[in-house]
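1. The following block contains a protein sequence and its predicted model.
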Amino acid sequence: MAITVPRPNLNWRERMFLPAIAAGLLITLKHFKNMILRRTKVTMEYPEEKWDPNLPEHYRGAPALVRDTDGRVRCVACQLCEFICPPRAIKIIPGEISKTDRFAKVEKYPEEFDIDMVRCIFCGMCEEVCPEQAIYLRKDYAITGFTREDMMHHKDKLLEIGGVMHGVVLKWNEKK
Amino acid sequence: MDYFFIGTSLIKIVCLLGFVLGLMNYAVYAERRVSALIQDRLGPNRVGPAGLLQPIADAGKFLLKEQFTPAHVNKLYYWLAPCLAMVPPVITIAVVPFGSTLFGVPMVIADINVGILFVFAIASLGVYGIVLGGWASNSKYPFLGGVRSSSQMISYELSLGLAVIPIFLLVGNLRLTSVVQYQIDHGWLIAPFIGDWTNLGKWLLAIPMFISFLVFIIAVLAETNRLPFDLPEAEQELAGGYHTEYASMKFGLFFLGEYIAMITGSGIIVTLFFGGWHLPGIPDGSHGWIFGLINIAVFFAKVAALIFLFMWVRWTLPRFRWDQLMRLGWLFFFEIALVNIFVVAIILIYFHL
């Protein structure tokens, strides 16, 4: 069935379209003027202005390993994050802590801890699953590199991003 | 042989061509910035200070891209079309007086006594570039673009020609420098009453002159394929129209030809309606070379203002439908321009202007 779209009945002034064209031109001129006078807020000009100071607390950037206040790597190489990681970006090779060490009862430490940032999807599951609160998603988001190897975050790089985490849990402290 | 004439003419040609080509590049930049500002964006602002080197980057990109010729095209006409689109608007500038005099040399390359006829004759050749480009591409969208372009240009050439006849009824001469001289003596044709406020005839004359201006500027928009009349290259319907099959500098010539046509069209509108290089209170070049330079600057400032108007219109109005375009051209502008001639003639006879 054909549908007849009702056309509006225009009077002669509307049919000349000139007032409508003039009104349209004035609207665009108003936008032009407001842009020239910088009254319109436009996009953030990225490399000069950045999100960094305005990032929310819950922002999920690059995952990183943290040290505790004793300078010890918190990770105990339990490999839960390796298992939970949806894109399988994390690879851990555990090592044994010698009996004579101050933290001997921790038993394991990550000999190697690699996160492939080509694969990482910034989901934050590693942070959620970590029983030691050793891996955190930090606010770094501009992760770039020229090769695949550049995009591989090794243990030292992860610790450099992570830094030292104060408080929260201190379960391997001898005095507790 | 008049070596002085040949020498000065060559210098004028080189300087004007260089200046107009530069202006064209910056018209493209201005188009992008103006469109961005109208749409609440920023536009190109990365290359150089405030993006001012963007035209150089664009030109470099055009030149470095591969000169690709599709296998199914008519090679000769395919290569010829972009040149034909670029050349006519460049030639047309020759008769436009872009300044008064500089060191006693008149600032117009060819001051011929058929000025406006020359403009129409050469400008109407511009359609060949587009039609050939559309036809030689041997593909359906360019073909439709070429067909649209030819019918559109022929339709609007009529109102273009008829809209300027009132001016030459007043001036009595087709030479463009005489048109400018007439406007210096009798006031700009867009507002002939200025300086002669009590003359009723001049007030009445302003009405048909404004109509004439309106018809002429709309016809120029249609001739240069600018929105709202860019049906030959309608991106949404024809995938780019007549230049769909073109790439690199060949597309660049089509693209830049449109901007040159815009500059030329603005130059002619300025000459016919806005007093050319004349600004009240500023003497011509015979009073010193500094005034000659100011006159040239005034002319190009007016051209720039009109180019801004073209861009403003482009980013405000939507495109016409094909039947609307034809209806507008044949049933309204043609008649309005025709009646306008008689109105001006009657005013002329009645008031002895």
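-> Everything's here; your move. Bear in mind that the values here come from a model prediction, so they are computed numbers and not experimental data.
2. Helices of chain B, start to end?
-> Here chain B has its helices, by DSSP state H, at B:3-38, B:54-64, B:75-92, B:115-123, B:126-136, B:140-171, B:176-186, B:200-223, B:235-238, B:248-273, B:289-314, B:322-327, B:334-351.
3. Sorry, wrong one. I was asking about chain A.
-> Remark: helices assigned in chain A by DSSP H are A:12-16, A:18-36, A:80-84, A:125-129, A:155-162.
4. Output those helices as JSON lines; include the columns mean neighbour count.
-> Glycine gets a C-beta too; all of them are placed from N, C-alpha and C. JSON lines is the format used below for the helices of chain A (neighbours: other C-beta atoms under 10 Å in any protein chain shown):
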{"stretch": "helix A:12-16", "mean neighbour count": "10"}
{"stretch": "helix A:18-36", "mean neighbour count": "14"}
{"stretch": "helix A:80-84", "mean neighbour count": "18"}
{"stretch": "helix A:125-129", "mean neighbour count": "17"}
{"stretch": "helix A:155-162", "mean neighbour count": "17"}
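5. follow-up on the earlier one: tell me, which of the helices of chain B is the model least confident about?
-> Lowest mean pLDDT within the helices of chain B: helix B:235-238, at a mean of 72.
6. buried set for that helix?
-> Under the neighbour-count criterion of 16 or more other C-beta atoms under 10 Å in any protein chain shown, helix B:235-238 has B:237-238 buried.
7. So which other helices or strands are in contact with it?
-> On a contact count with 3 or more C-beta pairs under 8 Å, 6 or more residues apart in numbering or on different chains; DSSP states H and E, helix B:235-238 meets helix B:140-171.
8. Next, the angle from the helix it packs on to helix B:126-136.
-> 170 degrees (axes from the mean of the first three to the mean of the last three C-alpha atoms, to 10 degrees).
9. From the contact counts, what lies against helix B:140-171?
-> Helix B:140-171 packs on helix B:115-123, helix B:126-136, helix B:176-186, helix B:200-223, helix B:235-238, helix B:248-273, helix B:322-327, helix B:334-351, going by 3+ C-beta pairs under 8 Å, 6+ apart.
10. Please identify the buried residues of it?
-> Buried-residue list, helix B:140-171, by 16+ other C-beta under 10 Å: B:141-146, B:148-153, B:155-168, B:170-171.
11. same check, this time on stretch B:30-50
-> B:30-38, B:43-44.
12. and it, C-alpha only, in PDB?
-> What follows is stretch B:30-50, C-alpha atoms only, in PDB (Å, rounded to 0.1, in the frame of the first residue of the first chain):
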ATOM      1  CA  ALA B  30      40.700  28.100   4.400                       C
ATOM      2  CA  GLU B  31      37.900  25.800   3.200                       C
ATOM      3  CA  ARG B  32      39.000  23.100   5.600                       C
ATOM      4  CA  ARG B  33      39.500  25.500   8.500                       C
ATOM      5  CA  VAL B  34      36.200  27.300   7.800                       C
ATOM      6  CA  SER B  35      34.200  24.100   7.500                       C
ATOM      7  CA  ALA B  36      35.800  22.800  10.700                       C
ATOM      8  CA  LEU B  37      35.000  26.000  12.600                       C
ATOM      9  CA  ILE B  38      31.400  26.000  11.300                       C
ATOM     10  CA  GLN B  39      31.000  22.400  12.400                       C
ATOM     11  CA  ASP B  40      32.600  23.000  15.900                       C
ATOM     12  CA  ARG B  41      35.900  21.200  15.000                       C
ATOM     13  CA  LEU B  42      39.400  22.500  14.700                       C
ATOM     14  CA  GLY B  43      40.500  21.500  11.200                       C
ATOM     15  CA  PRO B  44      44.100  21.100  10.100                       C
ATOM     16  CA  ASN B  45      46.400  22.700  12.700                       C
ATOM     17  CA  ARG B  46      49.400  20.400  12.800                       C
ATOM     18  CA  VAL B  47      51.600  21.200   9.800                       C
ATOM     19  CA  GLY B  48      53.500  24.400  10.700                       C
ATOM     20  CA  PRO B  49      52.100  27.200  12.800                       C
ATOM     21  CA  ALA B  50      48.300  26.900  12.900                       C
END
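13. Just the CA atoms of stretch A:128-145, as CSV, please.
-> Provided in CSV are the C-alpha atoms of stretch A:128-145 (Å, rounded to 0.1, in the frame of the first residue of the first chain):
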residue,chain,number,x,y,z
GLU,A,128,41.4,-9.2,41.0
VAL,A,129,42.7,-12.8,41.3
CYS,A,130,46.1,-12.0,42.9
PRO,A,131,46.0,-13.3,46.5
GLU,A,132,49.2,-11.3,47.3
GLN,A,133,48.0,-8.0,45.9
ALA,A,134,51.2,-8.0,43.9
ILE,A,135,49.9,-7.0,40.4
TYR,A,136,48.1,-3.8,39.8
LEU,A,137,46.7,-2.0,36.8
ARG,A,138,48.5,1.3,36.7
LYS,A,139,47.5,4.4,34.6
ASP,A,140,50.0,4.0,31.8
TYR,A,141,48.0,3.7,28.6
ALA,A,142,50.4,4.8,25.8
ILE,A,143,52.2,1.5,25.5
THR,A,144,54.0,1.5,22.1
GLY,A,145,56.9,-0.1,20.4
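14. From the centroid of chain A, which residue is nearest?
-> Centroid-nearest residue in chain A, with C-alpha atoms, centre = their mean: residue A:61, separated by 2.4 Å.
15. how about that residue, phi and psi?
-> The phi/psi pair for residue A:61 (degrees, to the nearest 10) reads phi -100, psi -140.
16. okay but it is in contact with residue A:141, surely?
-> Yes - when contacts are counted by C-beta atoms under 8 Å, residue A:61 is listed as touching residue A:141 (4.7 Å).
17. where do the strands sit along chain A?
-> A:63-65, A:90-96, A:108-116, A:135-137, A:152-153 (DSSP state E).
18. okay, those strands in TSV with mean neighbour count next?
-> Formatted as TSV, these follow (neighbours: other C-beta under 10 Å):
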stretch	mean neighbour count
strand A:63-65	25
strand A:90-96	16
strand A:108-116	19
strand A:135-137	22
strand A:152-153	21
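19. can those strands go into a markdown table with extra columns for mean pLDDT and distance to chain B?
-> Formatted as a markdown table, the strands of chain A follow (pLDDT from 0 to 100; distance: least, C-beta to the nearest C-beta, whole Å):
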| stretch | mean pLDDT | distance to chain B |
| --- | --- | --- |
| strand A:63-65 | 88 | 32 |
| strand A:90-96 | 90 | 38 |
| strand A:108-116 | 89 | 32 |
| strand A:135-137 | 87 | 32 |
| strand A:152-153 | 88 | 31 |
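20. Now do the contacts for residue B:90.
-> Contact analysis of residue B:90 by C-beta atoms under 8 Å, 6 or more residues apart in numbering or on different chains lists B:17, B:20, B:260, B:264.
21. For the residues you listed, which single residue is the most surrounded?
-> When those are compared by neighbour count (other C-beta atoms under 10 Å in any protein chain shown), residue B:264 ends up highest, at 27 neighbours.
22. quick revisit: format the buried residues of stretch B:30-50 as JSON lines; extra columns: distance to residue B:293.
-> Formatted as JSON lines, the buried residues of stretch B:30-50 follow (distance: C-beta to C-beta, whole Å):
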{"residue": "B:30", "distance to residue B:293": "23"}
{"residue": "B:31", "distance to residue B:293": "27"}
{"residue": "B:32", "distance to residue B:293": "29"}
{"residue": "B:33", "distance to residue B:293": "27"}
{"residue": "B:34", "distance to residue B:293": "27"}
{"residue": "B:35", "distance to residue B:293": "32"}
{"residue": "B:36", "distance to residue B:293": "32"}
{"residue": "B:37", "distance to residue B:293": "30"}
{"residue": "B:38", "distance to residue B:293": "33"}
{"residue": "B:43", "distance to residue B:293": "31"}
{"residue": "B:44", "distance to residue B:293": "30"}
